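A.B. asks: sequence first, then the predicted structure:
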Amino acid sequence: MTEVCKGQAPAKLGRDEFHLRFRQAFFDPAYDKLGRELDAIEQVAWEAYDTGRKAPRTVKAGPGFADPEYALSIEWKQAHERLLAAERHQKDPSSRNRVLLVNGSARNDGTCPGEVSKSWRLTMLARDVLESAGFEADVLDLSLLNSDYDRHIHPCKGCVSTAMPLCHWPCSCYPNHAERQVNDWMNEIYERWVLAHGVIIVTPVYWYQAPAVLKLMIDRLVCADGGNPDPSSTHGKTAEEAKELELKGWDYPKHLAGRAYGLVVHGDVAGIEGTRRALADWFAWMDFVDAGSFAQLDRYIGYYESYAESHQTLDRDGAVQEEVRNVARAVMEAVHEIRAGRVAVSRHRLKDPRPK
C-alpha cells in the first residue's frame, strides 16, 4: 500500500477558540439581545465540529454504486442525479442548442465598485447574438460571489493530488456542515456546464491572471476531468482506498468532453495573451472542441488609458464589439457541426500512454 503522508494539518480548535471564531459572525450589536439563543446554536455547532458531522443527512448509496450500503450525503446524491438528468437532456437530439456564457469579472454595480464591468457588457453582446439565432444563452455571472448574500465557491482542496479517485464528480468536499463550509454554488454550476453544448468565457485580466472568482470555479471543475462518480468506491475521503484504485488503473473519465468553447480576454495594460492561452490550454486538456480562430479573442480596451473613462473607450471601439459577436458566431457554428456529427471529438481510439 502506498503511504499516505501526514503531519501538516494543525490541531482542531479548542472550545474557547471555537467560541471566539463562531461569534465573529454575530458582531452586529443587534444580536446582543439574543445571547441565550446564540449560546444554544453555538453548542450544536460545536458538537458538529467536534465530532466531524460533515454530512449530517445521508442516504444509502443503493444499486449501481460500488458499496450500495455506503451512507452518501443526501446533498451529493441529489446533485449527482441532477447531473445525470442534465447529461441526458444535453445529449437529446431534440434539445435546443445551449451555450453557457461565463462572465469572469469580479466587478458589478451592486457592490463596492458601484459600476458594471466591461466583461458584463461584452457578455451581453454575445448573449444577444446567440438568442437572435435561437440558441439558449445561459449567463453565469461570477461577480455575484461579491454581491449576493452568503454565496460562495469554496476553494478546491486538492484531492486529485492525493489520488484521482479521491476527487468525486460532482465534488463531495462541500458542503461540510461540521466546519460551516456551506452555501457552495458549485453544484448548480456543474449542472449548467453539463447542460451546455458550448461555453464562452469573457474575462478581464487581473495582475496577469484570471480573476479570483473565475479561478475558483476553474479549480473546482477539476472533478469534471477524471473525477470519480462513485464516492462509495473510496468510502468517502479514504485516501488509502483512492490510492489503491488509481494504482490499479484509473480511466480518467472526461465528463464534459465534446463541447465547443470560445474565449474573450481583455485588459488595459498587460497579460491578455498569457491569460487567453492558459484558458485555451485548460479547455483543450478537458477535450473541449476549439471553435476556430474567430472564437478566441484577446484585446486591450483603452491601452494605458484612464480607468475612469474605460466604458466610454469601449463605446468607441466598435471593432472589439464586433469581434466579441464573432466569438459567439464561431461557437454557434461549432455547436451545429458537433451536434450534426461532422466534428470528431474526444471519442477516438488513441490511447494516452501517460494519463493524468
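C.D. replies: The structure has been received and is ready for your questions.
A.B. asks: make it CA atoms for all contacts and neighbour counts henceforth
C.D. replies: Noted.
A.B. asks: rounded mean pLDDT for the helix or strand Ala278 falls within, please.
C.D. replies: For Ala278, the host element (DSSP states H and E) is helix 272-285. Predicted confidence along helix 272-285 averages 98 (mean pLDDT).
A.B. asks: again, but for stretch 90-103
C.D. replies: 98.
A.B. asks: cool, and stretch 341-355?
C.D. replies: For stretch 341-355, the mean pLDDT works out to 75.
A.B. asks: use 53 as the first number from now on
C.D. replies: Let's use 53 as the start, then, which means that last one is stretch 393-407.
A.B. asks: beyond the helix or strand hosting Leu153, next helix or strand please.
C.D. replies: Leu153 belongs to strand 150-155 when assigned by DSSP H and E. Per DSSP H and E, the first helix or strand lying C-terminal to strand 150-155 is helix 170-184.
A.B. asks: average pLDDT across that next one?
C.D. replies: 98.
A.B. asks: same deal with stretch 360-377?
C.D. replies: 98.
A.B. asks: how far is it from where the chain is centred?
C.D. replies: 28 Å (CA atoms, centre = their mean, to the nearest Å).
A.B. asks: now the strands for the chain?
C.D. replies: 110-112, 123-125, 150-155, 188-193, 250-256, 312-319, 341-342, 348-352 (DSSP state E).
A.B. asks: re earlier: any buried residues in the helix holding Ala330, and which?
C.D. replies: Ile324, Glu325, Gly326, Thr327, Arg328, Leu331, Ala332, Phe335 (16 or more other CA atoms under 10 Å).
A.B. asks: now those as JSON lines including distance to Glu296?
C.D. replies: Output for these, formatted as JSON lines (distance: CA to CA, whole Å):
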{"residue": "Ile324", "distance to Glu296": "41"}
{"residue": "Glu325", "distance to Glu296": "40"}
{"residue": "Gly326", "distance to Glu296": "37"}
{"residue": "Thr327", "distance to Glu296": "36"}
{"residue": "Arg328", "distance to Glu296": "37"}
{"residue": "Leu331", "distance to Glu296": "32"}
{"residue": "Ala332", "distance to Glu296": "33"}
{"residue": "Phe335", "distance to Glu296": "29"}
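A.B. asks: ok, those vs Trp245, which is closest?
C.D. replies: Phe335 (12.5 Å; CA to CA).
A.B. asks: roughly how far apart are the nearest residue to that closest one once chain neighbours are set aside and Trp337?
C.D. replies: Setting aside the residues directly before and after it, Phe335 is nearest to Tyr313 in space (CA to CA, 6 or more residues apart in numbering), at 7.3 Å. For Tyr313, the distance to Trp337 (CA to CA, to the nearest Å) stands at 12 Å.
A.B. asks: then Leu174?
C.D. replies: For Leu174 relative to Trp337 (CA to CA), the value is 26 Å.
A.B. asks: how about Ile324?
C.D. replies: Distance of Ile324 to Trp337, given as CA to CA: 20 Å.
A.B. asks: could you do Gly314 as well?
C.D. replies: 14 Å.
A.B. asks: do Arg368 as well
C.D. replies: 36 Å.
A.B. asks: same question for Thr365.
C.D. replies: In terms of CA to CA, Thr365 sits 35 Å off from Trp337.
A.B. asks: and for Lys64?
C.D. replies: On the measure of CA to CA, Lys64 and Trp337 end up 38 Å apart.
A.B. asks: do Glu325 as well
C.D. replies: Using CA to CA, Glu325 is found at 18 Å from Trp337.
A.B. asks: before we move on, back to that, out of the strands of the chain, deepest packed?
C.D. replies: strand 312-319 (a mean of 28; mean count of other CA atoms under 10 Å).
A.B. asks: thanks a lot, see you next time.
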